[in-house]
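# Pasted the sequence and its predicted model underneath.
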Amino acid sequence: MKSTVLIAEDDTVQREILADILLKAGYQVRAVPSGREAIDSLREETRDLLLTDLRMPEMDGLDLLREAKRMRPDIEVVVMTAYATVKTAVSAMKEGATDYLAKPFDKDELLLVVERALERGDLRRENRQLRELVAADSSLGNIIGECPVMQKVFDVIRRSVTVASTVLIQGESGTGKELVARHIHFAGPRKAKPFIVVNCAAIPETLIESELFGHEKGAFTGADASRQGKFEIASGGTLFLDEIGDMRLDSQTKLLRVLQDGVVERIGSSQQRHVDVRVIAATNRDLRQRVESGDFREDLYFRIDVLPILLPPLRDRIQDLPLLVAHFREKLAKRLGRSVPALEPGVIDAMRRYRWPGNVRELEHTLEQLFILCDGDAIKLDDLPEKLRQRTQQPGQFELPAGGIILEDVEEDFIKQALSRSGGRIKEAAELLGLTYKTLQYRLKKHDIDRKSEESAVKPKT
């Protein structure tokens, strides 16, 4: 839904021109000739932005600004004045104006200022809501876990909150990397400043540098106006670079310079702008392996890997599943506005047997689906989706011999078989076994297996 704009302008011609420009740009617009009528409009309905002239009879723009902010603290206000002096601009800003326009201004300038003011409003609202979310939850927000591996993760997160060092969060999709980043920011000293998210994998390669560092007007085709990059917008706060492992090498070089020197250069400009930004990076890729393959700069890797946080997949902390289910039950009850059905004991057992490739995110979505579709007071095994009702034994698994087995020997054989099939590559072997890279490394040491030796080949037990 497009943003709503209220225009207060006593000049009829100017008012109609402004309304026409904004309507054609897709905004919902109401235009009134006085400050009093603007106040009446704000009493009737919420508006995202107020565009007001400073010089109007009866109630001038500054009085309207003060009253609008009292009534609607979240509203963004842009003031227009033909008397554009430092004094009038500063007065408006002190009273809460987001920006101002000096008459005469053109269509492009108007649209740019309106768009920028609305973007700032969105960021402010999101940051306030997130601060409230963190304050309302436990000391680590929505990050839940009691198992030993999660307690170690919590320890690093708590230490990360109080310092400004760069953090690298690694883990599979759905393990909660962004939750951790948000907690570090909103529980720390930068919580009143912006928290800006950039998904490096979702932005086209041709636009990533413009998105991060900004550009000047005319820097490239389509650059119709100068624009701040995310580093400038996040100055004083935190920039969360999600999926940093997908960033191309030339962009990595420029990112490294910003991290080292604390300055950015917009595309099309040689001017250096200083920024004070804490960077938290995240990836579901093995960055060490990408360094070895030449796809990720080693110096950038060491620069961002100051405080490493490795989030385990849900299958490696399955003992936390009942705790997570209880947490999501409470969360969903609030969201859905009703009590949620209970889970019969067999349901939890079935959930424990499932591998959860989508991790905690998949668990939450599955529970929401179950709670919405359930007709009774409790969810039974038959209510579960097919993926959870499949037999524990998968195709290709062996039956337990009548004489029994030595579990350690079976585990060692499967590890060697996976290494043989993957050519000794641990990451591929781990995927074949359904293990994480770190877990397989631990089991290689446990069984004293050399992945590069001839002993990795499968040999029958005697």
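The structure has been received and is ready for your questions. Numbering: from 1, shown residues only.

# burial count for Phe231?
For Phe231, the neighbour count with other Cβ atoms under 10 Å is 25. For the C-beta atoms, the positions are set from N, CA and C on the backbone; glycine is no exception.

# Now do the helix or strand hosting it: everything it contacts.
Using DSSP states H and E, Phe231 maps to helix 230-233. With Cβ atoms under 8 Å, 6 or more residues apart in numbering as the test, helix 230-233 has contacts from 123, 194, 196, 198, 211-214, 239, 258, 264, 273, 275, 277.

# go on, stretch 322-329?
Against stretch 322-329 from outside (Cβ under 8 Å, 6+ apart): 142, 144-146, 314, 340, 343, 348, 351, 360, 363-364, 367-368, 371.

# Name the residues of it that are buried.
324-325, 327-329 (16 or more other Cβ atoms under 10 Å).

# Test my guess that Ser235 contacts Val277.
Yes - under the criterion of Cβ atoms under 8 Å, Ser235 makes contact with Val277 at 5.8 Å.

# Mind checking which of these two has more residues around it?
Neighbour tally, Ser235 and Val277, criterion other Cβ under 10 Å: the higher count belongs to Val277, 23 against 19.

# Verify the stated contact: that one with Leu239.
Yes - Val277 lies in contact with Leu239 (Cβ under 8 Å); the separation is 5.0 Å.

# Can you give me the domain assignment for this protein?
As assigned by automatic domain parsing, the chain contains the domains 4-121, 137-310, 314-389, 407-456.

# how many neighbours does Leu6 have?
The burial count for Leu6: 25, using other Cβ under 10 Å.

# what's the closest non-adjacent residue to it?
In this structure, Leu6 finds its nearest non-sequential neighbour in Arg47, 4.4 Å apart by Cβ to Cβ, 6 or more residues apart in numbering.

# and if you look at Arg72?
Spatially, and ignoring its direct neighbours in sequence, Arg72 is nearest to Leu42 (5.8 Å; Cβ to Cβ, 6+ apart).

# residues in contact with the helix or strand hosting that neighbour?
Using DSSP H and E, Leu42 falls within helix 35-44. By Cβ under 8 Å, 6+ apart, the list of residues contacting helix 35-44 from outside reads 6, 8, 30, 32, 47, 50, 52, 56, 58-61, 63-64, 67-68, 71-72, 75.

# One more pass at 7 Å, please.
Residues outside helix 35-44 that contact it (Cβ atoms under 7 Å, 6 or more residues apart in numbering): 6, 8, 30, 32, 50, 52, 56, 58-60, 63-64, 67-68, 71-72.

# ok, and the most crowded of those?
Among those, Ala8 has the most neighbours (other Cβ under 10 Å), with 29 neighbours.

# In this model Ala31 seems to touch it, though I could be wrong.
No - the criterion here is Cβ atoms under 7 Å, and Ala8 misses it with Ala31 at 8.1 Å.

# shaky segments in the stretch 1-150 of the chain?
Along the stretch 1-150 of the chain, the model assigns pLDDT under 70 to residues 1, 83-86, 89, 126-142.

# which stretches of it form strands?
Counting by DSSP state E, counting those that start in this stretch, the segments of the stretch 1-150 of the chain that form strands are 4-8, 28-32, 49-53, 76-81, 99-102.

# and if you look at the stretch 301-450 of the chain?
In the stretch 301-450 of the chain, the segments counted as strands under DSSP E, counting those that start in this stretch are 307-310, 342-343, 378-379.

# show me what contacts the nearest residue to Glu216 once chain neighbours are set aside?
Nearest residue to Glu216, sequence neighbours excluded (Cβ to Cβ, 6+ apart): Gly268, at 3.8 Å. Applying Cβ under 7 Å, 6+ apart to Gly268 gives the contacts 215-216, 218-219.

# Which of the residues you listed has the largest number of neighbours?
Neighbour counts for the contacts of Gly268 (other Cβ under 10 Å) peak at His215, which has 22 neighbours.
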